[in-house]
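Enquirer: quick one, structure for this:
(chains A and B)
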Amino acid sequence: MQDEESLVRRAQQRDQEAFAQLYEEHFDRIYRYVALKIGDKTEAEDMTQQVFLNALQSISSFKWKGTPFSAWLFRIAHNQVVDYLRKKTKHAAAPLDETRASSDSNPQLMAEHTLDIEQLLQATKKLTKAQQEVISLRFAGELSIAEVAKVMGKSEGAVKALQHSAIVALRKILSVT
Amino acid sequence: MKKSREFNNILDECLERLLTKGETIEQCLQDFPEQADELEPLLQMALATKKAITIQPHPEFRAEARYQFLSALQRREEKRSRPFFGLRPRWAPVVAIVLALLLAGGGTVAAAGGSMPDEPLYRVKLATEQVQLILTPSALGKAEFYARLADRRVFEIAYMASRNKPEQIEQTAHRLDDYLAKIASLTSTQEVTRDVLMAPAVEEAPLMPKRAEGARIEVNRRARLRATIMHYAVNHPERLRAVLETAPESVRSAILQAIAISTRGYEKALESLD
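Expert: Numbering: from 1, shown residues only, chains lettered A, B, ... in the order given. As a prediction, this is how the structure comes out:
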């Protein structure tokens, strides 16, 4: 498995296989991030595709200056989400009930906390914008704290504090509903 | 304030261990007994969030999106390759387009550009390539074109492997074999060899500037082609071996054959360029 930096460099040199590999590695995470942010499965699919086409067009502009590639890619996704939500002022979320949960579930945990994507979507809407972003990037995008900090332009300490407050808030919201 | 910062760090450390290393909540709580009461409900909430969020796009969409993305990659590569044939006469692309239109119609040709070996339009793609090939002047130009085609075929083999199509992999590998043999034969023709022999040494003052300049261009093109072939000689078998690692059993023997073809074919091509 090649490290991400060398893959990205190859992709910048128009190595199709390298770009295809980056696509495979990030596709699901970008999809989950977009789906959680906009709450619409069909739109999330189309937008995820567009994120990669945009990345393909602009990958030559990406520079390794302490910014991980994933942070750059999520930044593109974030900008697209912002554009989408701005245009769609009366945004009605399509239910995500057709989506699949992974099969390796922990029965004990599920018994204690059966939370489905619909409940989570409703709950995250009640978080602040920054808390929503941290939850989306950290849990859906599977980014590290350092990567989230890069995407959001905040310090790692600030992101950790937001992560803490977001989980506390989610717990409070879901215990009431 | 300091205490809160410390707790944020502990929470994040536990989340990392839970979410990325697969540890349990209990394992983490054991390491932080003083914070256990506060940590436990938050970690449970975080795990439930992670579980709920593990959604995936529809498989049909994923397949379609992947195909479109790979086609976009291929189109980008084709656009880039245009200057590669910059030494063709100006009329060549026009005639190529006219002939291709006669063969299949404009919309069909455009649509065929990104088609794959298991699709009906693939034949149109191959026919268009043949027209371009016929209109490419000089043995070196044709060898350059075959190198481009070889790259396309390897890309298609990788794609066919992902679609579990052994027959198409074999057919495409045979085409690859043919192209590499053509490169070897074209680069050892008299035309190319004569051009190289005519090229002046770098420090030598040219006696017949125009002719010498033309020969120098040919030498540069040949060196460029050799560099391309050297790159493909490593990259293509490597790419196919990577495909083999994750390929289903049904296509493995076809991929192994393609690896053997590319390894042998590039060796011969390089020998002829030496």
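
Enquirer: need the residues of the stretch 101-250 of chain B near chain A, please.
Expert: Within the stretch 101-250 of chain B, the positions adjacent to chain A are B:Phe155, B:Ala158, B:Asn235, B:Arg239, B:Ala242 by C-beta under 8 Å from any C-beta of the partner chain. (C-beta placed from N, C-alpha, C; glycine too.)

Enquirer: longest helix in chain A, please.
Expert: Longest helix of chain A, by residue count under DSSP state H: helix A:16-38.

Enquirer: mind saving the C-alpha coords of it as CSV?
Expert: Written as CSV, here are the backbone C-alpha positions of helix A:16-38 (Å, rounded to 0.1, in the frame of the first residue of the first chain):
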residue,chain,number,x,y,z
GLN,A,16,-4.8,7.3,-14.0
GLU,A,17,-4.3,4.3,-11.7
ALA,A,18,-3.2,6.5,-8.9
PHE,A,19,-6.2,8.8,-9.2
ALA,A,20,-8.5,5.8,-9.5
GLN,A,21,-7.0,4.5,-6.2
LEU,A,22,-7.5,7.8,-4.4
TYR,A,23,-11.1,7.8,-5.7
GLU,A,24,-11.7,4.3,-4.3
GLU,A,25,-10.2,5.2,-0.9
HIS,A,26,-12.2,8.3,-0.3
PHE,A,27,-15.5,7.8,-2.1
ASP,A,28,-17.5,6.3,0.8
ARG,A,29,-16.2,8.8,3.3
ILE,A,30,-17.0,11.7,1.1
TYR,A,31,-20.4,10.3,0.4
ARG,A,32,-21.2,9.8,4.2
TYR,A,33,-20.0,13.3,4.9
VAL,A,34,-22.2,14.9,2.2
ALA,A,35,-25.2,12.7,3.1
LEU,A,36,-25.0,13.7,6.8
LYS,A,37,-24.6,17.4,5.9
ILE,A,38,-27.5,17.7,3.4
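
Enquirer: state the mean pLDDT of the next helix-or-strand element following it.
Expert: Where DSSP states H and E defines the elements, the next helix or strand beyond helix A:16-38 is helix A:41-58. Helix A:41-58 comes out with an average pLDDT of 89.

Enquirer: where do the helices of the chain begin and end?
Expert: Answering for chain A, as no chain was given. A:4-12, A:16-38, A:41-58, A:69-87, A:107-112, A:117-124, A:129-135, A:145-152, A:156-176.

Enquirer: that's the wrong chain, I wanted chain B
Expert: Counting by DSSP H, chain B has helices at residues B:2-19, B:25-31, B:36-53, B:59-81, B:91-104, B:106-112, B:122-134, B:139-162, B:166-187, B:190-198, B:209-246, B:249-273.

Enquirer: what sits against the spatially most central residue of chain A?
Expert: Centroid-nearest residue in chain A, with C-alpha atoms, centre = their mean: A:Tyr33, separated by 2.5 Å. Contacts for A:Tyr33 (C-beta atoms under 8 Å, 6 or more residues apart in numbering or on different chains) come out as A:Phe74, A:Ala77, A:Ser136, A:Leu137, A:Ala140, A:Gly141.

Enquirer: would you turn these into JSON lines with distance to chain B, pLDDT and neighbour count?
Expert: Converted to JSON lines, the contacts of A:Tyr33 look like this (distance: C-beta to the nearest C-beta, whole Å; pLDDT from 0 to 100; neighbours: other C-beta atoms under 10 Å in any protein chain shown):
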{"residue": "A:Phe74", "distance to chain B": "15", "pLDDT": "94", "neighbour count": "28"}
{"residue": "A:Ala77", "distance to chain B": "14", "pLDDT": "95", "neighbour count": "27"}
{"residue": "A:Ser136", "distance to chain B": "9", "pLDDT": "94", "neighbour count": "26"}
{"residue": "A:Leu137", "distance to chain B": "11", "pLDDT": "94", "neighbour count": "30"}
{"residue": "A:Ala140", "distance to chain B": "5", "pLDDT": "92", "neighbour count": "26"}
{"residue": "A:Gly141", "distance to chain B": "10", "pLDDT": "92", "neighbour count": "29"}
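
Enquirer: pick the one among those closest to A:Gln16.
Expert: Of all these, A:Ala77 has the smallest distance to A:Gln16: 22.0 Å, by C-beta to C-beta.

Enquirer: next, count neighbours for the residue lying closest to that closest one once chain neighbours are set aside.
Expert: Of all residues not flanking A:Ala77 in the chain, A:Val51 sits nearest, at 4.8 Å (C-beta to C-beta, 6 or more residues apart in numbering or on different chains). Using other C-beta atoms under 10 Å in any protein chain shown, A:Val51 has 24 neighbouring residues.

Enquirer: so how far is B:Leu225 from A:Val51?
Expert: Noted for A:Val51: a distance of 37 Å to B:Leu225, by C-beta to C-beta, to the nearest Å.

Enquirer: now B:Arg76: how far from B:Leu149?
Expert: Applying C-beta to C-beta, the value for B:Arg76 to B:Leu149 is 17 Å.

Enquirer: the more surrounded of these two?
Expert: Comparing B:Arg76 with B:Leu149 by other C-beta under 10 Å, the one with more neighbours is B:Leu149, at 22 against 15.

Enquirer: what's around the residue nearest to the more buried one when sequence neighbours are not counted, how many residues?
Expert: In space, and not counting its chain neighbours, B:Leu149 is closest to B:Tyr179: 5.2 Å by C-beta to C-beta, 6+ apart. Around B:Tyr179 there are 23 other residues, counting by other C-beta under 10 Å.
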